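Novice: The sequence isn't on hand, but the structure is:
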Ligand code: PRP
């Protein structure tokens, strides 16, 4: 059986702290299901949720851990790890980021959540800040920043700035991203070189209209069923 390699399988040179998921046939199947223009709303949501689950577990792995030795039911020691900061903090960028928030609530129910509402202007493509509400104790903590799409990186850059202003160190931000492209990563790392980015896929390029190619469409519209 031949697994077709997508155009995007060309070797990509990524910044050292950008972490794409491994392109297994299973991940490619989920991307094909979600990116297919013929996918129904339900099909898109199912595939997107499964991608987000994989992505969130991988993102959690980039937090800081320390050794933890436990004893198994059979009486043997198991040398594992546990989070250095057991209390989790996550900040979503509505609307699309709320889809990731819902999945994280299932996986890690005690997480403290914040919101940074930034919308990309449909004409200028520049980010506009509308609202922020962050957990009081967020300063000094590692934070999962939840936004599935990064195209021009304007939104992510502004959100990271808001977190830094609230006392979060740049190296303590883990951006949880479903889809991005090389130019967005380059732009983000020019401004925020120490941020960690965990992404499910790095697309080929950004079009002149600031859409990713091959792309997935408007994640928020497709996830929430706003458009047909
Ligand atoms: C989308 C997406 C990101 C942003 C990415 O949100 O969810 O937040 O655009 O674009 P950028 O990297 O070029 O800044 P949008 O503003 O369309 O809002 P939505 O979540 O309501 O769809």
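Specialist: Nice, thanks for sending it over. Keep in mind that what you see is a predicted model, and the values were worked out from it rather than measured.

Novice: What count of nearby residues applies to residue 74?
Specialist: Neighbourhood size, residue 74 [other C-beta atoms under 10 Å]: 6. The C-beta positions use only the backbone N, C-alpha and C, and glycine is treated the same way.

Novice: and it, that one's in a helix?
Specialist: No: read with DSSP: H, G, I helix; E, B strand; the rest coil, residue 74 is coil and lies in no helix.

Novice: Now do the contacts for it.
Specialist: Counting by C-beta atoms under 8 Å, 6 or more residues apart in numbering, residue 74 touches no other residue.

Novice: State the phi and psi torsions of it.
Specialist: With angles defined as degrees, to the nearest 10, residue 74 sits at phi -90, psi 0.

Novice: same check, this time on residue 197
Specialist: According to degrees, to the nearest 10, residue 197 has phi -120, psi 120.

Novice: State the pLDDT value of it.
Specialist: The score at residue 197 is 98. That number is its pLDDT.

Novice: Equivalent analysis for residue 1, please.
Specialist: So residue 1 comes in at 44 (pLDDT).

Novice: Within range of the ligand, give me the residues from the protein.
Specialist: 93, 95-96, 119-120, 125, 127, 147-156, 184, 210, 218-220 (C-beta under 6 Å from any ligand atom).

Novice: Could you list which of these belong to strands?
Specialist: 119, 120, 127 (DSSP state E).

Novice: May I see those residues arranged in CSV, with pLDDT, distance to residue 169 and neighbour count as well?
Specialist: CSV is the format used below for these (pLDDT from 0 to 100; distance: C-beta to C-beta, whole Å; neighbours: other C-beta atoms under 10 Å):
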residue, pLDDT, distance to residue 169, neighbour count
119, 92, 27, 14
120, 87, 26, 16
127, 94, 22, 18
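
Novice: Pick the one among those residues closest to residue 81.
Specialist: residue 127 (36.2 Å; C-beta to C-beta).

Novice: now the closest one, which residues is it bridged with?
Specialist: residue 120 (DSSP bridges).

Novice: There's contact between residue 191 and residue 157 in this structure, I believe.
Specialist: Yes: applying C-beta atoms under 8 Å as the test, residue 191 and residue 157 come out as touching, 5.3 Å apart.

Novice: Next up, the contacts around the closest residue to residue 88 other than its chain neighbours.
Specialist: In space, and not counting its chain neighbours, residue 88 is closest to residue 111: 4.3 Å by C-beta to C-beta, 6 or more residues apart in numbering. By C-beta under 8 Å, 6+ apart, the contact list for residue 111 reads 88, 89, 90, 104, 105.
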